[in-house]
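In: Okay, sequence plus prediction incoming.
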2 protein chains.
Amino acid sequence: MDVTRSPAPRETGPDDLAALLQHAATAADVLAAWPRERRAELLEALADALDDDREALVAEADRETALGRERLGGELTRTAFQLRFFADVVRDGGYLEATIDHAGPTPMGPRPDLRRMLVPIGPVAVYAASNFPFAFSVLGGDTASALAAGNPVVVKAHPGHPATSERVARLAERAVALCGAPRGTIALVHGFDAGLLLVSHPAVRAAGFTGSLGGGRALADAAAARPTPIPFYGELSSINPVLVTPSAARTNADGYGTGLAASVLQGGGQFCTKPGLVLVPAGQAGDRLVAALAEVIEQTSARPALTAGMASAYEQGVTARTSEAAVRARGSSAGPGATRPALLEVTAGSLTPQLVEECFGPLAVVVRYDSDAEAVTVVEQVEGSLTASILTAGEDDRDLPATRAVLTARAGRVLYDGYPTGVAVSWAQHHGGPWPSTNTLHTSVGATAIRRFLRPLAWQQAPHHALPRELRDGPPVVPVRIDGTLVLPGGS
Amino acid sequence: MDVTRSPAPRETGPDDLAALLQHAATAADVLAAWPRERRAELLEALADALDDDREALVAEADRETALGRERLGGELTRTAFQLRFFADVVRDGGYLEATIDHAGPTPMGPRPDLRRMLVPIGPVAVYAASNFPFAFSVLGGDTASALAAGNPVVVKAHPGHPATSERVARLAERAVALCGAPRGTIALVHGFDAGLLLVSHPAVRAAGFTGSLGGGRALADAAAARPTPIPFYGELSSINPVLVTPSAARTNADGYGTGLAASVLQGGGQFCTKPGLVLVPAGQAGDRLVAALAEVIEQTSARPALTAGMASAYEQGVTARTSEAAVRARGSSAGPGATRPALLEVTAGSLTPQLVEECFGPLAVVVRYDSDAEAVTVVEQVEGSLTASILTAGEDDRDLPATRAVLTARAGRVLYDGYPTGVAVSWAQHHGGPWPSTNTLHTSVGATAIRRFLRPLAWQQAPHHALPRELRDGPPVVPVRIDGTLVLPGGS
């Protein structure tokens, strides 16, 4: 269960990068002209390639990350599922937002024929995450959604799992070739400098990032400072507050306490959706819930962090916070490079800015509150989060209405009677939220993640041959809004 | 036909601004909870208020801008139409992107119930434009779409028409009160400093801007540099290239020449969609088209610019360019504060960076090309534009395929056999484009402009009472994607 660091890969130099991007730019024109069905088939071929190499991929990733074969196998399943899901999204075509306004009169005079659709934006840079060597990496969600949109992708590998990244990239290249897609469709680069060059390169038209607030903000600034700025979609930092209502504590202290512990500890606490702040009512029922949570934390031993740097950053983060909050529980110790779970506790009145900042790893901070009003003051100190969880005694529990409202305003996903770790890939998913959880109004998981890598284009009085197939007159092949009315394929 | 400058309005100080934003923040919560029908009625009441005060509004705006009563009357009609159009968009509800995934099995285990919808983002800052005292001002497109989304708006008035802005704001306040909307729903501020404070204020959650590249980039940088960055939607600078094919020049030189002249001169050349660069084939047919264009330019006399600063910037812009291109025509002169139309001409090989930069006012630059390949080299020097126009000899004209492709890649709206000025308000409109025409992947005109002022929110396992009406089970009241299938209201 130890991490075996891979030898550092050869860093991608500026000349190699320029060559890769030349291929990507050429590939962009080819892929943009592909019919949607062909893009869907490419996504499915990539999913098949992952499935076919499952055993070797999981072994390699486990060697590099020590996340465990079971978890990594599940992650690989999810990654393949996600590629196939985007094939469905592409076939459905609703994401194109196809719209046709035929020429007609208006109070301002005649209106020309106008047709609008989303089109591929061009080569996309993807910055892989440390904590998901498959699902947020070479063939992860950003890549899947960028390819689904019809764009080539250049992935910057995370240094935590370079060999796994290379293996996936080689599989992808073979699938790309078998599908007859152009050579620049997917490429992989290594190295910090290559990553910076990538976001600044004129051929790159958008970037997706999952990682730290510091790294993300630096890349976002570089994207914004280009002579031609590009959209930068960053998933950065999230504390993921959890609110336990008084009724919930009274009725299910043990269940929610142990459930929360499992969520804090999942993946070694190395999830962007790890619940980092738990609001628990003062008093006996709350005490019991915290005790149940503490008990699991205490019984859990340290486990290897994804990188040595993360292990020491985590330990420093815990130590710094212990001067501001009581230590309720710590897991058992281990050698260097491992992270000991920790539970801190503080009253609402003693909360500090540091305690509401994300600490990446198996740490949670419990905040005890007295009333709805006091819980509101806690949540008002919390910045935007990917998620906010509300643990209740069931549908009829209407405790803390004010706190629920402010929590909802600060989150991208509000969940009830469940835990934030585990982000389903589906049509309705939203994995994004107010700053600093993300820097845009978009998601990196779920069907609408594709919107990030498309741009709107309108055609006015265009001849039939200049229009994309989806915008031509005749029975709609995708959902189309025609003269203001949404029409479904097969509809009239 | 002279501009009568209004006395400078009292600038909004920091305390007044803070008070306004306090009201806006309160209004945001109230408006977000309003049913869509009530928002639609507010938009219609605002449209009625404009119509009811038409005569006085047009007179005031003409006094301040000298744009002419006919044009301003048409603009007012458009502005009221746009408010009513957004009422339709709100009632339709498709913009919500409502999505329901019921709980169910996946290869990764059970998936919880997930529901997603777009919700209002919060108070919006709107920066009014100089050149549209109604349509891109206090109750213009940005305000209409922000209100439609369910947000309060604080408008920064343009100094070119402060009295018109005040008059519209007073009308709006009365309509807001009559509709029972909260006091902070629409507010107006004056002054450069107030504008900068506005985009940096924590209560403001998004901003819309129409204006210059310099001003827009400064505000965009301020929005990005906030401790909590916000989306800034800027419409900045656009050269709007026009391509005349050889067949078009052969068959319709006079028609296209005079048509282009009218588009260049419309509104005194003070349109963001003014065609600033016209690619014309070398040779006799092209000569004839340029002569027809030049003749109209020459016969047109100077007219007052919107502001004195714009007049001198225009004259400097023309003078600077005459060292790089031949002067083909100039309109007749007038006193200071007026702009003389100008037509410059250059060969493709002699094009300079300055000649492809927007010059706000009645100037166009003609570039003569020899071949498709040469026209491509011209377009490759053009930055992103709101529009690209292709003037052809009709549907069967397939001239210049390569140039058409690179033009399309650089524009937000590609139009055939027409002129870019005049932006219809409709479902399919897109008024945006690659940098620097806009800085985001959004439009400021048309139904989808509303997307700028909404954020996605997902609910997981939420009790019925915590869900918005549009996401509850039962017959859909708006278009909803249910378990992957788009369902229309009244559908099954």
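Out: Everything's here; your move. Numbers count the residues shown, from 1 in each chain, chains lettered A, B, ... in the order given.

In: Every contact and neighbour count from this point should use C-alpha atoms.
Out: Fine.

In: Count the residues that sit near residue A:8.
Out: By other CA atoms under 10 Å in any protein chain shown, 13 other residues sit near residue A:8.

In: pLDDT value on the closest residue to residue A:102 other than its chain neighbours, please?
Out: Leaving aside its chain neighbours, residue A:102 sits nearest to residue A:113 (4.6 Å; criterion: CA to CA, 6 or more residues apart in numbering or on different chains). Note on residue A:113: pLDDT of 98.

In: Contact partners for residue A:113?
Out: The neighbours of residue A:113, taking CA atoms under 8 Å, 6 or more residues apart in numbering or on different chains as the test, are A:100-104, A:460-462.

In: do residue A:156 as well
Out: Contacts of residue A:156 (CA under 8 Å, 6+ apart): A:125-128, A:188-191, A:194-195.

In: 6 Å - rerun?
Out: If you count contacts by CA atoms under 6 Å, 6 or more residues apart in numbering or on different chains, residue A:156 has them with A:127, A:188-190, A:195.

In: Could you check how far the helix or strand hosting residue A:145 is from the centre of its chain?
Out: Take DSSP states H and E as the rule and residue A:145 turns out to sit in helix A:141-149. The chain centre lies 12 Å from the centre of helix A:141-149; the measure is CA atoms, centre = their mean, to the nearest Å.

In: What strands flank whichever helix or strand comes after it, and is each parallel or antiparallel?
Out: Proceeding N to C from helix A:141-149, the next assigned helix or strand is strand A:153-156, under DSSP H and E. Within its sheet, strand A:153-156 is paired with strand A:124-127 (parallel), strand A:186-189 (parallel), according to DSSP bridges.

In: avg pLDDT for the helix or strand following strand A:153-156?
Out: Where DSSP H and E defines the elements, the next helix or strand beyond strand A:153-156 is helix A:162-178. Average pLDDT, helix A:162-178: 98.

In: How about residues contacting helix A:162-178?
Out: A:46, A:60-61.

In: which residue packs closest to residue A:63, ignoring adjacent ones?
Out: By the measure of CA to CA, 6+ apart, the closest residue to residue A:63 outside its immediate chain neighbours is residue A:4, 5.4 Å from it.

In: for residue A:202, same thing?
Out: residue A:228 (7.6 Å).

In: I'd assumed the one you found was in a helix, is it?
Out: No. Using DSSP: H, G, I helix; E, B strand; the rest coil, the assignment for residue A:228 is coil, not a helix.

In: For it, grab phi and psi.
Out: Torsion angles at residue A:228 (phi, psi; degrees, to the nearest 10) stand at phi -110, psi 100.

In: next one: the one 4 residues further on
Out: When read as degrees, to the nearest 10, the backbone of residue A:232 gives phi -120, psi 120.

In: Ok, residue A:209 next?
Out: phi -140, psi 140.

In: what's the neighbour count on it?
Out: 25.

In: And residue A:454, by the same measure?
Out: 23.

In: I'd guessed it sits against residue A:121; true?
Out: Yes. Using CA atoms under 6 Å, residue A:454 is in contact with residue A:121, at 4.9 Å.

In: Next one, pLDDT for the residue of the stretch 201-350 of chain A found nearest chain B please.
Out: Going by CA to the nearest CA, chain B is nearest to residue A:228 of the stretch 201-350 of chain A, at 6.1 Å. You'll see residue A:228 listed with a pLDDT of 91.

In: Same list (the contacts of helix A:162-178) but as TSV, adding neighbour count.
Out: Formatted as TSV, those follow (neighbours: other CA atoms under 10 Å in any protein chain shown):
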residue	neighbour count
A:46	25
A:60	20
A:61	27
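
In: among these, which are in helices?
Out: Under the assignment DSSP state H, the contacts of helix A:162-178 contribute A:46, A:60-61 to helices.

In: ok, back up a step: now for the contacts of residue A:156, which sits with the most neighbours around it?
Out: Result: residue A:127 is most packed of these (other CA under 10 Å), 28 neighbours.

In: beta partners of it?
Out: Under DSSP bridges, the beta-bridge partners of residue A:127 are residue A:156, residue A:209.

In: Quick check, pLDDT for it.
Out: 97.

In: residues touching it, list them.
Out: A:155-156, A:209.

In: Likewise for residue A:476?
Out: residue A:489.

In: helix, strand or coil for it?
Out: Residue A:476 is classified as coil under three-state DSSP.

In: and it, how far is that from residue A:487?
Out: 7 Å (CA to CA, to the nearest Å).

In: before we move on, what about residue A:275?
Out: When CA to CA is the yardstick, residue A:275 and residue A:487 sit 42 Å from each other.

In: Mind checking which of those two has more residues around it?
Out: residue A:275 (29 against 19).

In: how about low-confidence regions in the stretch 1-150 of chain A?
Out: Low-confidence segments of the stretch 1-150 of chain A (pLDDT under 70): A:1-2.

In: Which stretches in it count as helices?
Out: A:14-33, A:36-52, A:54-65, A:69-92, A:141-149 (DSSP state H, counting those that start in this stretch).

In: Flag every residue of the stretch 101-250 of chain A that's near chain B.
Out: A:101, A:114-116 (CA under 6 Å from any CA of the partner chain).

In: who wins for most neighbours among these?
Out: Result: residue A:115 is most packed of these (other CA under 10 Å), 30 neighbours.

In: With just CA atoms, put stretch A:376-396 into PDB.
Out: The C-alpha trace of stretch A:376-396 is given here as PDB (Å, rounded to 0.1, in the frame of the first residue of the first chain):
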ATOM      1  CA  VAL A 376     -26.200  31.500   9.500                       C
ATOM      2  CA  THR A 377     -23.200  33.500  10.800                       C
ATOM      3  CA  VAL A 378     -21.100  30.300  10.300                       C
ATOM      4  CA  VAL A 379     -22.200  29.700   6.800                       C
ATOM      5  CA  GLU A 380     -21.700  33.400   5.900                       C
ATOM      6  CA  GLN A 381     -18.000  32.900   6.600                       C
ATOM      7  CA  VAL A 382     -17.900  30.000   4.100                       C
ATOM      8  CA  GLU A 383     -16.800  30.800   0.500                       C
ATOM      9  CA  GLY A 384     -18.400  29.100  -2.500                       C
ATOM     10  CA  SER A 385     -18.400  25.300  -2.500                       C
ATOM     11  CA  LEU A 386     -19.000  22.500  -5.000                       C
ATOM     12  CA  THR A 387     -21.500  21.100  -2.600                       C
ATOM     13  CA  ALA A 388     -23.500  21.800   0.500                       C
ATOM     14  CA  SER A 389     -25.100  18.900   2.400                       C
ATOM     15  CA  ILE A 390     -28.100  19.100   4.700                       C
ATOM     16  CA  LEU A 391     -28.600  16.100   7.000                       C
ATOM     17  CA  THR A 392     -32.100  16.000   8.300                       C
ATOM     18  CA  ALA A 393     -34.600  13.800  10.100                       C
ATOM     19  CA  GLY A 394     -36.500  13.300   6.900                       C
ATOM     20  CA  GLU A 395     -38.800  15.200   4.500                       C
ATOM     21  CA  ASP A 396     -40.800  16.700   7.300                       C
END
